[in-house]
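Chemist: can you look at this prediction? I've put the sequence above it.
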Amino acid sequence: MERAFVYGDLLFESILFEDGLLKNLELHYERLINSAKFLKMDIPISFTFPFFESLLKDEIQKQGLNQKSRIRFTLYRNSPGFYLPDNNSVNWEIELFLLDLNQPKKEKIVGIYTETYKSFHPLSNIKSGNALVYVMASIFAKEKKWDDAFILNEAGRVCEASSSNFFWVKDGIWFTPPISEGCVEGVKRAELLEKQEIVELECEIEDLENADEIYLCNAIQGLVKVKQLILD
């Protein structure tokens, strides 16, 4: 994983394993393949959905996993070279992380991260190793004693949180920023957009301030309510 380590030349999927099932696995696979094609990685013809599923299930069986867990699948360009790789072949690694079954899903205190911003381009939408904005937003939130931080795009609008997409509710209507705002194209976000009527709309800070409810959303935690929005 040398170039993945040096250049962040990788993609990863965080998949929830619960009750013996790999949640939303087809959506994870679809996002992984589409992102790999965008990054011009050479995906083997044999890397089909059944093959992807079998890789994960084999690792689960090998580890004797039988409780709720996060599975991180990392796909990386496996090539020597500097910025320019010698080739676009790939390899992968699978990691398993047990989740605390006794930890309740608590409501969050969330502020606004303002030290860096996300750009408007397709790389902003994929789950890659270029994740420093999320690292810095997470550190910023911890220093402020928040549970999480919302991230702004170059226009100063809210596009996502440090590890989540988000939704806000006003007068019974659900909203979320469109992908064009610079957010990651989240799997849980995609699931909810398929299941219920949600309006994709640019989000100003004032929209969150005036919202009736706000929810963070990712593949591992699902929907988590924001109990307090910090604007200082």
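Modeler: Good, I have the coordinates.
Chemist: the closest residue in space to Glu204 that isn't next to it in sequence: what's it in contact with?
Modeler: Across the structure, with Cβ to Cβ, 6 or more residues apart in numbering as the measure, the residue nearest Glu204 apart from its sequence neighbours is Arg157 (5.8 Å). Just so you know, the C-beta spots here come from the backbone N, C-alpha and C atoms, and that holds for glycine as well. Contact partners of Arg157, counting by Cβ atoms under 8 Å, 6 or more residues apart in numbering, are Pro177, Glu181, Glu202, Cys203, Glu204, Ile205.
Chemist: from Gly222, how far off is the residue located most distally from the centre of the chain?
Modeler: Centroid-distance maximum for the chain: Asp86 at 29.0 Å, with Cα atoms, centre = their mean. As for Asp86, its distance to Gly222 is 41 Å (criterion: Cβ to Cβ, to the nearest Å).
Chemist: do Ala36 as well
Modeler: Spatial separation of Ala36 from Gly222 under the definition Cβ to Cβ is 26 Å.
Chemist: report the buried residues of the strand ranked longest in the chain.
Modeler: Scanning the chain for the strand with the most residues, using DSSP state E, yields strand 108-118. With burial defined by 16 or more other Cβ atoms under 10 Å, the residues of strand 108-118 counted as buried are Lys108, Ile109, Val110, Gly111, Ile112, Tyr113, Tyr117, Lys118.
Chemist: which stretches in the chain count as strands?
Modeler: Using DSSP E, the strands assigned to the chain run over residues 10-18, 21-22, 69-77, 90-98, 108-118, 148-153, 158-161, 165-170, 173-176, 199-200, 213-218, 222-229.
Chemist: can I get those strands in CSV with mean pLDDT?
Modeler: Compiled in CSV, those are given as follows (pLDDT from 0 to 100):
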stretch, mean pLDDT
strand 10-18, 96
strand 21-22, 96
strand 69-77, 96
strand 90-98, 95
strand 108-118, 96
strand 148-153, 98
strand 158-161, 98
strand 165-170, 98
strand 173-176, 98
strand 199-200, 97
strand 213-218, 97
strand 222-229, 95
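Chemist: who's in contact with the residue sitting nearest the centre point of the chain?
Modeler: Among the residues of the chain, the smallest C-alpha distance to the mean C-alpha position (Cα atoms, centre = their mean) belongs to Gly186, namely 5.3 Å. Listed by Cβ under 8 Å, 6+ apart, the contact set of Gly186 reads Ser164, Asn165, Cys217, Asn218, Ala219.
Chemist: which one of the residues you listed sits in the busiest neighbourhood?
Modeler: Counting by other Cβ atoms under 10 Å, Ser164 has the largest number of neighbours within these, with 27 neighbours.
Chemist: wait, that residue sits on Ile214?
Modeler: No - contact criterion Cβ atoms under 8 Å: Ser164 and Ile214 do not qualify, at 10.9 Å.
Chemist: which parts of stretch 169-176 are buried?
Modeler: In terms of neighbour count (16+ other Cβ under 10 Å), stretch 169-176 has its buried residues at Trp174, Phe175, Thr176.
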